[in-house]
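**Q** my questions concern the predicted model and sequence given below.
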Amino acid sequence: MKPIPVNTDRVPAGRARISQATICGQTVYVSGMVARTPLTGTTVEGGVAEQTRQVLENIKSVLEAAGSSMALVAKTSCFLSDMDTFGEFIPVWESYFPTDPPARICVQSRLGPGFLIEIEAIATLPD
């Protein structure tokens, strides 16, 4: 089975030559998303909470373009530039997954300039 690339103009194109997501079978693999706004492609100002909200909105848009949704996310990998900001990150993340949250890993990582968080996701397609 050949992977199917997914890209949408509702999320700024990345600087790297990658697909925003790839569908393989019934699984959607969303590339790492950062806090860039759809209209201007600029980095969201503010702190981790504001950037987390934009990242999750970007993931939501990519999933919808793939025919999936946030409710079908099975796992997220979250990369924070500073684990001391976890307390700002978690309430926003939890608001996008209010019931039956997906599996998650959250680690500290060196990110691109101005980015405080990056998240990748794995979701299923609806039955």
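**A** Everything's here; your move.
**Q** now the helices for this structure?
**A** Secondary structure of the chain by DSSP state H: the helices cover 48-66, 86-96.
**Q** any low-confidence regions in the protein?
**A** 15 (pLDDT under 70).
**Q** repeat the analysis, applying 90 as the threshold.
**A** Residues of the chain that meet the criterion pLDDT under 90 lie in 1, 12-18, 38-41, 127.
**Q** before we move on, the earlier item: pick the most deeply packed of the helices of the chain.
**A** Comparing those by mean neighbour count (mean count of other C-beta atoms under 10 Å), helix 48-66 ranks first with a mean of 21. The way it works is simple: take the backbone N, C-alpha and C, and place the C-beta from them, glycine included.
**Q** same for that one, what does it pack against?
**A** Secondary-structure packing of helix 48-66 (3 or more C-beta pairs under 8 Å, 6 or more residues apart in numbering; DSSP states H and E): strand 4-6, strand 21-24, strand 27-33, strand 73-80, helix 86-96, strand 117-124.
**Q** as CSV, the ones you listed with distance to Val48 would be great.
**A** Below are those laid out as CSV (distance: least, C-beta to C-beta, whole Å):
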stretch, distance to Val48
strand 4-6, 27
strand 21-24, 24
strand 27-33, 14
strand 73-80, 7
helix 86-96, 4
strand 117-124, 6
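**Q** export the helices of the chain to CSV and tack on distance to Thr37?
**A** Shown next, in CSV, are the helices of the chain (distance: least, C-beta to C-beta, whole Å):
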stretch, distance to Thr37
helix 48-66, 7
helix 86-96, 16
